[in-house]
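have a look; sequence and predicted model below, questions after that.
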Amino acid sequence: MPSATLKDIALEVGLSVNTVSRVLNGKNKEVWGKTATRAAQIRRAAQRLNYIPNAAGRAMQARGTGHVGVLLVNDAARRTYYLDAFEFILGIDDCLAKTGYVSAVVRVADVNKAGSESRVFRERVLDGIIAVGHHLTDLAGRLENFGLPVVWLDTNIWNATGCIRLDDATAGRMAAAALAKGGWRRLIFLTMKAGPKPHHSEIERGASVERFAAEHNMPLKRISVFGSYDEPDAPAPPMPAELEDELRTAAPGELGIVAYNTLHARRLAHSTATMGYAPGVHYGLTCCDDNHDLSQTWPALSRMSVDRVSMGEMAANMLLQSLRSPKFEAPSRTVVGQWIDGTTSGPPPVRQLIGERSI
């Protein structure tokens, strides 16, 4: 059945096209019984006649498109880069939907080369952008040239306005402090392989762990393991010999390990299981990060809990404020997570303290 027009509906209910348009665009004041009855009649007729709103026409009238882009790294070389960003998207989409906006995923490749941008930029399909994750710093100037409001969510860009990040310094400090409280006497910080542009979270978590170790006279070693941001889809490398030696030679109750993110914590646990070692028994383990999947499958891990859905909602609200009031500049925000004690950072069992290696 073909879609009806406003004129078709007006003829059906015997009212003007303008009245029908006001009702179907949510601009009708239905404060009186008569107007509410008339509006309900129009909506029933629209449904019966298969009326489908013309988004392009509405955009022309409203001088906006009703679409917001969520900019992500997702190209042929990095298909699974930062899967935790999906939690951001859930919050963004939920918040935008309540105000009538539609979110659309935009790839970095769509904006990366001058003159070859996706039509979402050439034709001004978007009203604004929420940029998420790593590898976006070089795009800041180009995005600003499009003349769209931008919110930077968990990126390396940090300005006085328009940015949202996790408080990664607090995450690193609490992860180190939990191990110290548990009685582990020496620290290792597991981090990504060195790259030209590390993510801000890696820098801030590592620096915070280093400060805590120095303040409390705890020996600390940084070991780079388990892949890099530039090769997220590469096969997992084996445990470095340096880390394996540390685990095998550590005295009972001595070694506490801070994992930069959930990937490091999981891969470490899997690798040490083949050696007969377990976190919280043969070594202490904390993690500076969290995600929904980890909270369901490994709730006992001592970690900093991160509500990325709520952070996505914050980013969407920040952008909506800019769209409603173009001169308004929302102050940037850092979000403090919640520490989950778990069991992997606690004091080692008595049998471990007397040197027993079997679980």
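Arrived safely.

please count neighbours and contacts with C-alpha atoms only from this point.
Noted.

residue 69 against residue 129, yeah?
Yes. Using Cα atoms under 8 Å, residue 69 is in contact with residue 129, at 4.7 Å.

those two: which is more packed in?
residue 129 (24 against 21; other Cα atoms under 10 Å).

residues touching the more buried one, list them.
When contacts are counted by Cα atoms under 8 Å, 6 or more residues apart in numbering, residue 129 touches 68-71, 148-151, 319.

in helices, which of the residues you listed fall?
Counted as lying in helices by DSSP state H, out of those, are residue 319.

narrow the contacts of residue 129 to those in strands?
Within the contacts of residue 129, residues falling in strands by DSSP state E are 68-71, 150-151.

buried among those? Need that as a selection in PyMOL.
Restricted to buried positions by 16 or more other Cα atoms under 10 Å, the PyMOL selection for those reads:
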select buried, resi 68+69+70+71+150+151
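
residue boundaries of the helices in this structure?
Going by DSSP H, the chain shows helices at 6-13, 17-24, 33-48, 55-62, 85-97, 119-122, 140-145, 168-181, 200-215, 241-249, 262-273, 292-297, 308-324, 350-353.

right, so of these, which gets closest to residue 330?
Across these, residue 330 has its closest neighbour in helix 308-324 (6.3 Å, Cα to Cα).

can you point out the buried residues in the closest one?
Buried residues in helix 308-324, counted by 16+ other Cα under 10 Å: 308-320, 322-323.

so where is the protein shaky, pLDDT-wise?
Along the chain, the model assigns pLDDT under 70 to residues 1-3, 26-32, 53-63, 74-81, 109-123, 135-137, 194-196, 226-236, 349-359.

next, residue 100: phi, psi?
Torsion angles at residue 100 (phi, psi; degrees, to the nearest 10) stand at phi 90, psi 0.

how about CSV for the helices of the chain, with distance to residue 339 added?
Below are the helices of the chain laid out as CSV (distance: least, Cα to Cα, whole Å):
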stretch, distance to residue 339
helix 6-13, 55
helix 17-24, 48
helix 33-48, 50
helix 55-62, 45
helix 85-97, 19
helix 119-122, 40
helix 140-145, 33
helix 168-181, 7
helix 200-215, 14
helix 241-249, 26
helix 262-273, 14
helix 292-297, 12
helix 308-324, 15
helix 350-353, 25
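
pick the most buried one from those.
Compared across the helices of the chain, helix 168-181 shows the largest average neighbour count, a mean of 24 (mean count of other Cα atoms under 10 Å).

got the angle between that one and helix 200-215?
When axes from the mean of the first three to the mean of the last three Cα atoms, to 10 degrees is applied, the directions of helix 168-181 and helix 200-215 differ by 40 degrees.

before we move on, back to that, can you tell me which of the ones in strands among the contacts of residue 129 is nearest residue 206?
Here the nearest of the ones in strands among the contacts of residue 129 to residue 206, counting by Cα to Cα, is residue 151; it sits at 25.7 Å.

check contacts around the closest one.
By Cα under 8 Å, 6+ apart, the contact list for residue 151 reads 129-131, 162-164, 315, 318-319.

give me the beta-bridge partners of it?
Beta-bridge partners for residue 151, by DSSP bridges, are residue 130.

next: residue 338.
residue 305.

who's in contact with it?
Counted by Cα under 8 Å, 6+ apart, residue 338 has contacts 304-306.

circling back to that earlier point, greatest separation within the contacts of residue 151: which pair is it?
The largest separation in the contacts of residue 151, counting by Cα to Cα, is between 129 and 164 at 13.6 Å.

please name the nearest non-neighbouring residue to residue 300.
Distances taken as Cα to Cα, 6 or more residues apart in numbering put residue 342 closest to residue 300, at 4.3 Å, once the chain neighbours are dropped.

OK, contacts around the one you found?
For residue 342, the contact set (Cα under 8 Å, 6+ apart) comprises 299-303.

related to what we said a few turns ago, looking at the helices of the chain, which is closest to residue 333?
For the helices of the chain, the distance to residue 333 is smallest for helix 308-324, at 9.2 Å, taking Cα to Cα.

tell me the helices and strands packed up against that closest one.
Applying 3 or more Cα pairs under 8 Å, 6 or more residues apart in numbering; DSSP states H and E, we find helix 308-324 packed against helix 85-97, strand 128-132, strand 150-153.

noted, bye for now.
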